[in-house]
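Participant: Pasting the sequence and the predicted model now:
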Number of protein chains: 2
Amino acid sequence: MSSTILTPSDELKGQKFIITGGGIGGASGALALALRGADVTLYERAPEFKEVGAGLQIGPHGVKMLEKWGLKERVIEAGYLPERMQFRDAVTAEPILTMDFGEDFQAHYGGQYLVIHRSDLLAILVEAAQEAGATLHNGVQVTGADTHEDGVTVHIEHLAEGTTEDVEGDILVAFDGTHSVFRKEIVQDEPVPSAYVAYRGTSTLPDDPDMKDLKDVVGYIGPRCHFIQYPLRGGELLNQVAVFQSPRYLKALTEGTEVPEDWGNNEEFKNAFDHTNEFVQGRLGSMWLNTWWQMADREPLDNWVVSDRIIVMGDAAHPPLQYLASGAVMAMEDAECLALYASQAAAKGELNWGEVLADVSAERAPRCSRIQTTGRFWGELWHVDGLSRLIRNETFRQAERSGWYPYVDWLWDYDADRREYLKDPSKGELPEALKEWEYNIHKVITQREEGRSAEELTI
Amino acid sequence: MSSTILTPSDELKGQKFIITGGGIGGASGALALALRGADVTLYERAPEFKEVGAGLQIGPHGVKMLEKWGLKERVIEAGYLPERMQFRDAVTAEPILTMDFGEDFQAHYGGQYLVIHRSDLLAILVEAAQEAGATLHNGVQVTGADTHEDGVTVHIEHLAEGTTEDVEGDILVAFDGTHSVFRKEIVQDEPVPSAYVAYRGTSTLPDDPDMKDLKDVVGYIGPRCHFIQYPLRGGELLNQVAVFQSPRYLKALTEGTEVPEDWGNNEEFKNAFDHTNEFVQGRLGSMWLNTWWQMADREPLDNWVVSDRIIVMGDAAHPPLQYLASGAVMAMEDAECLALYASQAAAKGELNWGEVLADVSAERAPRCSRIQTTGRFWGELWHVDGLSRLIRNETFRQAERSGWYPYVDWLWDYDADRREYLKDPSKGELPEALKEWEYNIHKVITQREEGRSAEELTI
């Protein structure tokens, strides 16, 4: 079998890229571009490269990309290859869908399924980008940029020194996160809170009598909440996430009153899992209580191009809800897509930056929009109650019996190199069933705008 | 292939059966018992044998029974053998599940799927019962009965003459419908209205340009309504049923105010299908407007035995909602089960009526309870909205792909002769998923009893 590892090239030699944002997306961008010989400078505002949160999941399409970048062994060593993903009903603990990540899966998708600590993945990407020749700076805030005929003038601020500077580049790639400076130049939107909040926690796994045999990603999905467990760091660490709908956020939203800043606080967490099975309830004691994540996304964006020399990527372009576990991989795909299209154009001697960025946006925006919207749907599907929950469980059981690949192929069987969405823009369209679906948060907002009373609102 | 037609016998010769109620159940009882040589007298209150309504559906288990009674050719000639049952989403008209009633189906269930006009089926059963030697009287009301050591004294009233009489029998079988006189001796309950109302209509089929190719049972299922079409009488007649949730009934129920007697009236019908596709809306003009059926059932009953000599059967024992299209077949099964168990006991010389009736009740009550409860569930599943509707549609599509027989085997693959529920009482239990489900009407009543306000009630 021929290696699928990318041979470093100099196709982008002489092209100066400035990246703002040193998260997983920015570091991936620095790596992917540097591997093509580009001159890459990355600026990260924080004093060190660090990710908040704990575990993240990388589907086979992401693992293939890490393999291409020469990092497969390193991420597998640092992370964990779960044997299966188990969905269980959180009320009864009954398994309703088990997705096997064994040989058949790996043959079908050409990659493994990986879970890894966010910080570990970031550290590997940062190190690899530096090895590939990228220059990464901490403590620098990119505050703006001016596009001109030959490139882009980027305004930066050295935060510790309090000094500002202008740097020149051919391209500015804004991986500057959900509160992006550059997204504002495309759209002036606000995050869309989902009314759900996440508590996380990690603990040592081998000492945990109930958990020591855990080899899977296990998700207990239940009315208005869910709970996820999986091993990290070769099985040394247990990662747990408990997510629930905040009654106080919901109340404020439906009544049109001020949203309390601390929605989803410990008080709410205390009762949020009362209707779940005893096992889940018994696990909640080990979650961190000092921090919780109020979960939000933004509306999908159909264009990421700020100018012929500036593009937004990663969470700056498409912050998702976390239900499809695709945020990190989307950002990695963005990075690889940009590096790929640029190097391919350069190799042909046709490097026109306006065209490259337009192509990248046309390939990536519809895919990421679809992931964002499907993520919202997937989340609501996890959290249904009553009759809907019973139908959902049956749908999951049927998917296990009849084969679940068809539901996931669009997500996990993707390669930007195939220019799938460019060739067939209809791939970006939602399936019919999803077109008819309306996000609960949208429904509430619409109903409020129509002047309906709080009693009539449902979520 | 050996004939599956029952050879008339004299196993019950000398046993005098009195049947009250001359609907499909009573007529089936008269036939099944007369075929075993019993002395059968049936009393029907109405001046003629007549069924209200129009078409009814007979699953393969029912067709097998009609075959056993020697009526297969007659019912097929009078009715119609649909090629398939199509479920479509009423909003989009998209087919979501098509159940083929062809060779594979017939081999699996040992019978065809039949639809027939209620009056036609009743006429055939009445005629066959008379041919078999049963005596059927109209205009006679059975008002009560006294059990004694050797049998039962039945009190009857000749309605035209206004005279009363006592008649003696060995057994009284009360097929006297949902407002049964004898059910009251077991339980003093009331019908449970479902908040749904049915409009029906028949019209000539061959002249109907949109419908002349109809060869299937087609059900459009949609939020809070459904619409069903199928041919009758060899394709000469079109049968249509339009069912919807009555907003006025619902309002009265949730607000605890008086229920208007005419709930589901024409005014409500006018707007009830506004959210369905144009085809369905265009068909509603041909429904009868003078009569509508307020749909109700009763709580399942776990014992049908009034005394060692009296049993309730058919709608008197288990009036269902119509969603599983099983009301008529259940009554036919009851009839055959009684005749079968009695004749088998008699053939062995062990005819103890107390034991026979207890066995019949033990075999039939759990099955019919399960059909009643599953019918409620099935109806709610048809009428869901929003996300639930999309999941339901997917579940239906999956069932078509992976095979839907497993969902229906319990219903359509049944023969009282196998004494399935007697041998294994757990067969009468609901599947786990259904145990967790709660009927909407029950939820509303519970919530009202708990004193919740109307705004908080959902249905």
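Facilitator: The structure has been received and is ready for your questions.
Participant: okay, now the nearest residue to A:G354 once chain neighbours are set aside: neighbour count?
Facilitator: Nearest residue to A:G354 in three dimensions, chain neighbours excluded: A:D308, at 3.9 Å (CB to CB, 6 or more residues apart in numbering or on different chains). For the C-beta atoms, the positions are set from N, CA and C on the backbone; glycine is no exception. As a burial measure, A:D308 scores 19 neighbours (other CB atoms under 10 Å in any protein chain shown).
Participant: quick one: A:A331 and A:E44, what's the gap?
Facilitator: A:A331 is 14 Å from A:E44, where distance means CB to CB, to the nearest Å.
Participant: now do A:T164
Facilitator: Taking CB to CB, one finds A:T164 at 17 Å from A:E44.
Participant: Residue numbers of chain A in contact with chain B?
Facilitator: A:91-92, A:94, A:377, A:380-381, A:384, A:386-388, A:390-395, A:398-399, A:401-402, A:432-434, A:436-438, A:455-456, A:458 (CB under 8 Å from any CB of the partner chain).
Participant: hmm, back to that, higher neighbour count, A:T164 and A:E44?
Facilitator: Per other CB under 10 Å, whichever of A:T164 and A:E44 has more neighbours is A:E44, with 25 against 11.
Participant: ok, how many other residues are close to the nearest residue to the more buried one once chain neighbours are set aside?
Facilitator: Leaving aside its chain neighbours, A:E44 sits nearest to A:G22 (2.9 Å; criterion: CB to CB, 6+ apart). The number of residues packed near A:G22 is 30, by other CB under 10 Å.
Participant: Helix or strand for A:G22, just tell me which one.
Facilitator: Per DSSP states H and E, A:G22 falls between elements, in no helix or strand.
Participant: next one: A:F273
Facilitator: For A:F273, there is no enclosing helix or strand under DSSP H and E.
Participant: show me what contacts it?
Facilitator: Taking CB atoms under 8 Å, 6 or more residues apart in numbering or on different chains, we find A:F273 in contact with A:90, A:222, A:225, A:227, A:242, A:244, A:280-281, A:284.
Participant: Are any of these buried, and if so which?
Facilitator: A:90, A:222, A:225, A:227, A:242, A:244, A:280, A:284 (16 or more other CB atoms under 10 Å in any protein chain shown).
Participant: Could you identify the most distant pair in these?
Facilitator: A:G222 and A:L284 (12.8 Å; CB to CB).
Participant: Nearest spatial neighbour of A:N352, chain-adjacent residues omitted?
Facilitator: Nearest non-adjacent residue to A:N352, counting by CB to CB, 6+ apart: A:A345, 7.0 Å away.
Participant: Please list the outside residues in contact with stretch A:278-291.
Facilitator: A:90, A:93, A:199-201, A:203, A:210, A:220, A:222, A:227, A:229, A:240, A:242, A:266, A:269, A:273-274.
Participant: got the end-to-end distance for that stretch?
Facilitator: One end of stretch A:278-291 to the other measures 24 Å (CA to CA, to the nearest Å).
Participant: mind checking how far it is from the chain centre?
Facilitator: 24 Å (CA atoms, centre = their mean, to the nearest Å).
Participant: Touching, A:E67 and A:L114? I think so.
Facilitator: No: A:E67 is not in contact with A:L114 according to CB atoms under 8 Å; the separation is 10.4 Å.
Participant: Between the two, which is the more surrounded one?
Facilitator: A:L114 (23 against 20).
Participant: quick one, what contacts the closest residue to chain B within the stretch 201-350 of chain A?
Facilitator: Here the residue of the stretch 201-350 of chain A nearest chain B is A:P223; by CB to the nearest CB that distance is 11.4 Å. A:P223 sits next to A:90-91, A:275, A:383-386, A:389 when contact means CB under 8 Å, 6+ apart.
Participant: With A:G386 instead?
Facilitator: Counted by CB under 8 Å, 6+ apart, A:G386 has contacts A:223, B:437-438.
Participant: And it, how far from B:K443?
Facilitator: 9 Å.
Participant: any weak-confidence spans in chain A?
Facilitator: Applying pLDDT under 70 to chain A flags the ranges A:1-3, A:452-459.
Participant: Centre-most residue in it?
Facilitator: Centroid check for chain A by CA atoms, centre = their mean gives A:G327 as the closest residue, at 0.6 Å.
Participant: Pretty sure that residue sits against A:A317.
Facilitator: No: using CB under 8 Å, A:G327 is not in contact with A:A317, being 11.3 Å away.
Participant: Tell me how many other residues surround the residue lying closest to A:G62 once chain neighbours are set aside.
Facilitator: Spatial nearest neighbour of A:G62, excluding adjacent residues (CB to CB, 6+ apart): A:V329 at 3.7 Å. Residues contacting A:V329 under the criterion other CB under 10 Å number 26.
Participant: Return the residues in contact with A:V329.
Facilitator: By CB under 8 Å, 6+ apart, the neighbours of A:V329 are A:58-59, A:61-62, A:65.
Participant: Just the buried subset of the residues of chain A next to chain B, please.
Facilitator: A:91-92, A:377, A:380-381, A:384, A:386-388, A:390-395, A:398-399, A:433, A:436-437.
Participant: Inside helices: which ones of these?
Facilitator: Residues of those located in helices (DSSP state H): A:377, A:380-381, A:386-388, A:390-395, A:398-399, A:433, A:436.
Participant: how about the strands in the stretch 201-350 of chain A?
Facilitator: Here the stretch 201-350 of chain A has its strands, by DSSP state E, counting those that start in this stretch, at A:217-222, A:225-232, A:237-245, A:293-297, A:305-307, A:310-312.
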